[in-house]
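**Student:** no sequence on this one, just coordinates:
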C-alpha cells in the first residue's frame, strides 16, 4: 500500500509538471507574450515591431506551428520569402511530428504556404 501511494504521488507530480510547462513555457521572455500575440501589432504598420514580437512568441512556444505560420506571413509582407519558407518548413515539421490535435486551419495555411514555397 505504501508503494502504491508513492507511485501515484510521483505520477501526479509528473503529469502536473508536464502540463504546466508544455504550452505556457516561461523563461526570460515577456510574460505578456501569448501564443496569439504575433499579429496583434500588424495593424500598426510596423513590420519590424510585429516581427520582433512574433520572434518572441516563436521562442516561447517552440513546439507550436501557429507562431511560425504567423511569422512566415510577416516575413512575406516584408519581402523576405526565403525566411518565410524556412518558418513554413519548420511549422510543417512540427505538424508532422506531433500526434496532438492541431487546428485544421493552421494545417491548411501551412500546406498552402508550403506549396507556394516549392514554386520559389
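**Tutor:** Arrived safely. Since the model is a prediction, treat every value here as computed from it, not as a measurement.
**Student:** for residue 60, give its distance to residue 71.
**Tutor:** 12 Å (C-beta to C-beta, to the nearest Å). C-beta: built from backbone N, CA, C; applies to glycine.
**Student:** more neighbours: these two, which one.
**Tutor:** residue 71 (26 against 21; other C-beta atoms under 10 Å).
**Student:** tell me if I'm right that that one and residue 58 touch.
**Tutor:** Yes - using C-beta atoms under 8 Å, residue 71 is in contact with residue 58, at 5.8 Å.
**Student:** okay, and the common contacts of these two?
**Tutor:** Residues touching both residue 71 and residue 58 by C-beta atoms under 8 Å, 6 or more residues apart in numbering: residue 87.
**Student:** chain neighbours aside, what residue packs nearest to the spatially most central residue of the chain?
**Tutor:** When C-alpha atoms, centre = their mean is applied to the chain, the residue found nearest the centroid is residue 64 (3.0 Å). Spatially, and ignoring its direct neighbours in sequence, residue 64 is nearest to residue 35 (6.1 Å; C-beta to C-beta, 6 or more residues apart in numbering).
**Student:** from memory that neighbour sits against residue 59, does it?
**Tutor:** No - counting by C-beta under 8 Å, residue 35 sits too far from residue 59 to count as a contact (11.9 Å).
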